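> Build me a model:
(2 chains)
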Number of protein chains: 2
Amino acid sequence: MDGSHWLSMRPVAEKLAQNGHKVVVLTAESSLSMNGSDLYTALTYSISYSKEDLVSRLEMFGSDHFTPSYFPGVTITMYNNMQEVFRIYGDVFTSTCENLLKNETLIKDLETSNFDAMLSDPIFPCGEIIAEHLSIPSIFFLRRGAPFGMEQEASKSPSPPSYVPRIFTTYTDHMNLSQRVKNVLLSLFDFVFCHMLYSPYTRMASEFLKRDVTAVDLFSRASIWLLRYDFVFEFARPTMPNMVFIGGINCVNRKPLAQVIIVCINSSGEHGFVVFSLGSMVSEIPMDKAMDIAEAFRSIPQTVIWRYTGKVPSNLGSNTHLVKWLPQNDLLAHPKARAFITHAGSHGIYEGICNAVPMVMLPLFGDQMDNAKRIESRGAGVTLNVLDMTPEDLINALDSVINKPSYKENIQRLSALHLDRPIHPLDLAVHWVEFVMRHKGAPHLRPAAHDLNWIQYHSLDVFAFLLAVLVTTFFISFKCCTYTCRRCCGRKSRPKSKSKKE
Amino acid sequence: MDGSHWLSMRPVAEKLAQNGHKVVVLTAESSLSMNGSDLYTALTYSISYSKEDLVSRLEMFGSDHFTPSYFPGVTITMYNNMQEVFRIYGDVFTSTCENLLKNETLIKDLETSNFDAMLSDPIFPCGEIIAEHLSIPSIFFLRRGAPFGMEQEASKSPSPPSYVPRIFTTYTDHMNLSQRVKNVLLSLFDFVFCHMLYSPYTRMASEFLKRDVTAVDLFSRASIWLLRYDFVFEFARPTMPNMVFIGGINCVNRKPLAQVIIVCINSSGEHGFVVFSLGSMVSEIPMDKAMDIAEAFRSIPQTVIWRYTGKVPSNLGSNTHLVKWLPQNDLLAHPKARAFITHAGSHGIYEGICNAVPMVMLPLFGDQMDNAKRIESRGAGVTLNVLDMTPEDLINALDSVINKPSYKENIQRLSALHLDRPIHPLDLAVHWVEFVMRHKGAPHLRPAAHDLNWIQYHSLDVFAFLLAVLVTTFFISFKCCTYTCRRCCGRKSRPKSKSKKE
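A predicted model of the protein is given here:
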């Protein structure tokens, strides 16, 4: 996986290389962020898209979320949007995957390389097809258990819809009846939706592996699930022994800040500064929105460092500094950081938590609404609808998170809980990758549930059997009773009829 | 908890003290193994039993399991036996608990001590009553999630009976239909049985806390469950975020062997030696059984080191050394250890796994049958029924585990998986106790399922609602149809009747 997905995976690849393993990163020739490294070998394959194509699609993707027809936070819109994402942008990944699978030289090269394991982000499960072909164990590296309803089926992790909110609902773990009704219906729908989304991959897998392969087959072959969250952020729920929680893995690499950034920070005085970024995928926004935001920033006493590559808004205040890229984690670690305005991507959220900076969240797509809801429900941030919000809304939200002590206290509490761990998430992730390499998988962590069908798993055959026993017992008892009654009555009545005959 | 339960908990208490915490160990005046230490303060309270009483009960307990009426491995016998254990020996714990709760001076002392947390083995949940009274968070330290069906209810960890075998069944995670039927029935029965067993504690808790308290209330207050197993030994199954797996915590403290033991080992030659112990609770066995065992040992080429305090069997071979106590873990760690004959208690099993010594298992009571089955199903040991077995059975079993390579290979595989961990279980346990102390519990790891009733948890109200909607929709549609039909028919028929009238 390219983009932000790769950003937190790269340190794992690098650490594995530093530990003496040969790491091969399989990457398309045109890529957004998968650049080479001295630490690992990049094995590239040609695709039909140029880097410019990818960047322009990304820009289109960003601006799409600022159209008036888009309603973030409305479940059905989110599903529609996700389907659109898969339709418009997914073909990049599908065709990339097809190019990879049809690259015979590369596949032969992989076949002879004797790999120990495959580390992949399975949101687009192309790596899984290769891993299955090479018969090597897989380690999944991802934000959720698996997209949508695939999670429960592929990991066999129970996910009671009564308190485990489904993606795009923005519910917490405390739901009222109507929310639970929607959550139950969505958990049924999720699974179907997921199968639809992954149909191109099951088709490619079946063709490539020359046998019928389902999406569940691809997803359930994970030896270890490295999940980029913990229960400071996510709501407590059932897990499985092969799930390893590495939330906050991206809060590493503290580097000294650049001189230009230090100048900005020093200019902020006692009020400190605010960091604003909408993530690696959205660096431009429509001018009217940019002006609204700039207007809000003019009115606050804090300095603002804003990652923005678009046209400079004419009303930009002197306290607002536009940068093309910002060292987000290092900036948030600065003691003068007062608030973090974020799109609520999981990386950003964890950088906010690690550094205990309260957040104003402007979620746009994917799991961002749900992420924002989790932080808001913990009282550590405020969510705004970026399309509807006025400058006053933003000013008020910033005022709240900066000046109401509860926000700072709550994010400090979350941060303390999150950082209090016996081992750093990066070391934990590397340990489990190496574990899978050393032991050729982790079959002892695979639940026997994988060997049961749906009826067996839910003990429906057992209940059917018990019901049959009950019914049969009842039926026999009933027959015995009626027979006995008839015999008794018969004895009484027969002599009568006999005497009659006589 | 006294006895072997305390043995693996003590290192945690000691390590906490070494980390600078004040550790107070609450212990009855007469105790089997809870002796004082320089590292912690022992706070004692008087009870109506002397140490001699406890020892004689323990001896009676051991010999009870060698009566012909006892059938280890038969589920119903195991339940009966467990009920007997609670009836005969449980009164020691119940009266001990009563003595503790009625010791006003001690309770006042505890109230003013401002403890941060309570670490307890909740098999007899007396500590929980105190923790609830003092309003301090609890950490559970135990072999299973909770005895019997309490586990699922108290931790909210799903436990599908289709592949999670219930205690005393000796089933693996792969069950046929008849086994699954029994497993489902037992999971219903377990919960009721557990409530019966714990009724003395709920009575004491309700009296002491002056409000109604259930067993689930006591068990579900755990902030962290420190569980003395891992999934090398236990079958993979759903877990919860507040469960921490510390199997093998007892495989510590490697000490040099005593001279007398070294002499035994050195006499063993190339064949090595066998370690035999039935655990801390059974050190004597009936003479006929002891003679059978001695007879078997005479015929094997290995030296045997046997923990046995009874009368010396007259047929004892020169290769068999009786000892009153043996440094089990240190002995098993010796490269000449060839086999471990054990009662399959969880401590012994883990010492066998840590040191990669294949096992002959003679389970007697409690979870020992299930433990033995787990090791046997992994091909790392052989189970014998200690009551039925002949000397030949024991010879054959020892011959298998020592001379068939698969047993050694399997236990080495299990050992390698078990020891390949990012942090030692003792450090992990100490980390989580300190975590609870630092953060006054771990509320973020507590699932919201605790706030739902049974109907809500299983979404039964949601399904009832959906069914009601369906039925109503169907009913209204039906009524509309019939009404429309009647109107249509009515229109056709009315003119007719009109014309008739006309």
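
> For stretch A:372-387, give me every contacting residue.
A:66, A:68, A:70-73, A:170-172, A:233-235, A:289, A:344, A:349, A:352-353, A:358-364, A:393-394, A:397, A:400-401, A:406-407, A:410-411, A:414 (CB atoms under 8 Å, 6 or more residues apart in numbering or on different chains). Just so you know, the C-beta spots here come from the backbone N, C-alpha and C atoms, and that holds for glycine as well.

> Quickly find the element holding A:Ile107.
Here A:Ile107, judged by DSSP states H and E, is contained in helix A:104-111.

> Contacts for the helix or strand following that helix next, please.
Tracing the chain C-terminally past helix A:104-111 and defining elements by DSSP H and E, one meets strand A:118-120 next. Here strand A:118-120 makes contact (CB under 8 Å, 6+ apart) with A:1, A:9, A:12-13, A:127-128, A:130-131, A:134, A:136-141, A:433.

> Give me the buried positions along strand A:118-120.
A:118-120 (16 or more other CB atoms under 10 Å in any protein chain shown).

> Can you lay out the residues you listed as a markdown table showing pLDDT?
Shown next, in a markdown table, are the buried residues of strand A:118-120 (pLDDT from 0 to 100):
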| residue | pLDDT |
| --- | --- |
| A:Met118 | 97 |
| A:Leu119 | 97 |
| A:Ser120 | 94 |
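
> Out of the residues you listed, flag the one nearest to chain B.
A:Leu119 (17.0 Å; CB to the nearest CB).

> I'd like to know how far the residue lying closest to that closest one once chain neighbours are set aside sits from chain B.
Once flanking residues are discounted, A:Leu119 sits nearest to A:Ile139: 4.8 Å by CB to CB, 6 or more residues apart in numbering or on different chains. In this view, A:Ile139 and chain B are 15 Å apart by CB to the nearest CB, to the nearest Å.

> before we move on, what about A:Tyr49?
40 Å.

> Check the secondary structure at that residue for me.
coil (DSSP: H, G, I helix; E, B strand; the rest coil).

> number of nearby residues for it?
Residues within reach of A:Tyr49, counting by other CB atoms under 10 Å in any protein chain shown, total 18.

> One more: the one 10 residues further on?
By other CB under 10 Å, 16 other residues sit near A:Glu59.

> Equivalent analysis for A:Val382, please.
Residues within reach of A:Val382, counting by other CB under 10 Å, total 23.

> Apart from its neighbours in sequence, what residue is nearest it?
Here the residue nearest A:Val382, using CB to CB, 6+ apart, is A:Ala397, at 4.3 Å.

> Hmm, the one you found is touching A:Leu362, no?
No. Contact criterion CB atoms under 8 Å: A:Ala397 and A:Leu362 do not qualify, at 9.5 Å.

> of these two, who's got more company?
Neighbours per residue, other CB under 10 Å: of A:Ala397 and A:Leu362, the larger number sits with A:Leu362, 26 against 22.

> coming back round to it: who are the contact partners of the residue nearest to A:Val382?
Taking CB under 8 Å, 6+ apart, one finds A:360, A:382, A:384 in contact with A:Ala397.

> at 10 Å what do you get?
Shown in contact with A:Ala397 (CB atoms under 10 Å, 6 or more residues apart in numbering or on different chains): A:296, A:339, A:341, A:359-362, A:381-384, A:389.

> shaky segments in chain A?
A:67-79, A:81-90, A:144-149, A:253, A:283, A:490-502 (pLDDT under 70).

> thinking again about what came up before, please convert the contacts of A:Ala397 to TSV, extending it with secondary structure.
Shown next, in TSV, are these (three-state DSSP):
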residue	secondary structure
A:Ala296	helix
A:Ala339	strand
A:Ile341	strand
A:Met359	strand
A:Val360	strand
A:Met361	strand
A:Leu362	coil
A:Gly381	strand
A:Val382	strand
A:Thr383	strand
A:Leu384	coil
A:Met389	coil
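
> is A:Thr342 in a bridge, and if so with what?
Assessed by DSSP bridges, A:Thr342 has beta-bridge partners A:Ser277, A:Met361.

> So the residue lying closest to A:Met9 once chain neighbours are set aside, which state does it fall into?
Excluding its sequence neighbours, the residue lying closest to A:Met9 (CB to CB, 6+ apart) is A:Phe141, at 5.3 Å. Under the three-state scheme (three-state DSSP), A:Phe141 adopts strand.
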